[in-house]
Structures are given as C-alpha cells and as structure tokens.
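Peer 1: sharing a model prediction with you, sequence too.
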Amino acid sequence: GLSGSMSSGIVSQVGRILPSQDRGFQIPDIIQTDAAINPGNSGGPLLNMKGEVVGINTAIQSDNGIFAGVGFAIPANTVKKIIPVLIENQTYHHPWVGISGRDVDPDLADVLHLKDARGFLVINVLDDSPAKKAGLRGTNQTKEADGVRYQIGGDLIIGVDSKIVRKIDDILIHLQREKKVGDQMILQVLRDGKVSDIVITLNERPVTNNNSTTINPTNSTQR
C-alpha cells in the first residue's frame, strides 16, 4: 500500500448518513471531505488546520474502489465514545430500534393531510425488535394519489426525547450521540390524529460480517 501518505482538502459537509457495509443499517453523523482517501491513509486521522484530530478516515464513495473526490470520516467525538468501550470489552454494541420507513416529503404530507412536510413514517416494524415490544406500528393500507401508490396507516415519528424530528437523520444522530444499549428513548408519535409518547428500551443492533471500506450510498432505511 501507500503507507504514511498524506492528502489535503476541505470538509464538504457534516452530519451525513451512510449505509453500513452490508447496507442493512445506517451510519450517522459522518463527515464528508474531498481529501483523497487511499489504502495508505484509510483509517488514519482527519486533521484540521491546527493539527487537531476531527475524524477518522473510513470510506469513499466509489463504484470501482478508486477515489473519485468524495470521502467520509467518523467524527472524533464518536471515536472517543466508542474506543474506551472497545478497549474494555473488545466490542461495541450500537443501540437499535428496529424500524424501516421513509421521510415525509411534500407529496406524502399532502396524502397524509399534514400541515408540515416533516417526520418519519414507520412502514415496517421488525419482529422481536425494541420498536415491536414498545408497540410501534407500521403501515397497514395503501392510498393512490396522482398515479402514485403510498403506504399509509403507520405511526409518524415527529419527535424524539422532546426534540423535533424532521427526517430519520435526526433520530439516527440522536441515537449515536446520546444513547447506548439499555437506555430508554421516548418517541413522540402521531397516530390516528393524536400525538402520544412511546417509550422504547434500546437493544443492541444485530451483528454484520462485511469488512469492505468502499461505500456507494443507498436509501436503506433500517434503524
């Protein structure tokens, strides 16, 4: 490889959400950079102009494994949260809810007769998941509008621990920054026109076994 290599660039965006290596889950709160990430510096630090570590380079967006100008790094604060647990236990268990669904866009908001296009519509609730045990509901009917068929009838998540949820990213980042396995999380849910609180006790996320570091982002929505 190209050990010891260094590259320069800018932070293009923060708070990105990427699919996990097997595309079953999402990795939140990612830093996007155009600094080249190659075999010699993947896993190395992302530094700011003061020489401070702000992230750990971890993946690129590519169809062929060759850097094409978009790289991703795990934030230093996430690393500081996880590393002590890894040292003590040799593994880190990510908190998991067990739902899939879609963000509310203007078209879906019209179908659901919502004033604001925000929130996350639960479509599927996985068996034996924290969400299932807490009573969260997925969609149970469909509705057609302008030639498009929409799944409806599921819980609409509009808040988490009293914070507004505009899209699933808000839930994922809250999980990553604030929660651990065994913690409780309160979802504010719109169901049948009424807002209620659903308390979820977080379990550990199921284990995956893929070690690839090349990511081509998709729209997977399992949480």
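Peer 2: Thanks, I have the structure now. Residues are numbered from 1 along each chain as shown.
Peer 1: show me where the protein has helices.
Peer 2: 76-89, 106-111, 130-134, 168-178 (DSSP state H).
Peer 1: buried ones in stretch 71-90?
Peer 2: By neighbour count with 16 or more other CB atoms under 10 Å, stretch 71-90 contains the buried residues G71, F72, A73, I74, P75, A76, T78. Placement of C-beta: from N, CA and C, glycine included.
Peer 1: with V14 as the reference, measure out to the last one.
Peer 2: So the one you mean is T78. Separation of T78 from V14 (CB to CB, to the nearest Å) stands at 12 Å.
Peer 1: find residues that contact each of those two.
Peer 2: D29 (CB atoms under 8 Å, 6 or more residues apart in numbering).
Peer 1: what sits closest to A109 if chain neighbours are left out?
Peer 2: Using CB to CB, 6 or more residues apart in numbering and skipping residues adjacent in sequence, the residue nearest A109 is A117, 4.0 Å away.
Peer 1: ok so, going back, I'd like the helices of the chain as a markdown table, with distance to V160 and mean pLDDT appended.
Peer 2: Shown next, in a markdown table, are the helices of the chain (distance: least, CB to CB, whole Å; pLDDT from 0 to 100):
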| stretch | distance to V160 | mean pLDDT |
| --- | --- | --- |
| helix 76-89 | 18 | 92 |
| helix 106-111 | 19 | 96 |
| helix 130-134 | 13 | 97 |
| helix 168-178 | 5 | 93 |
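Peer 1: may I see these organised as a markdown table, with distance to F67 added?
Peer 2: Formatted as a markdown table, those follow (distance: least, CB to CB, whole Å):
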| stretch | distance to F67 |
| --- | --- |
| helix 76-89 | 22 |
| helix 106-111 | 36 |
| helix 130-134 | 38 |
| helix 168-178 | 25 |
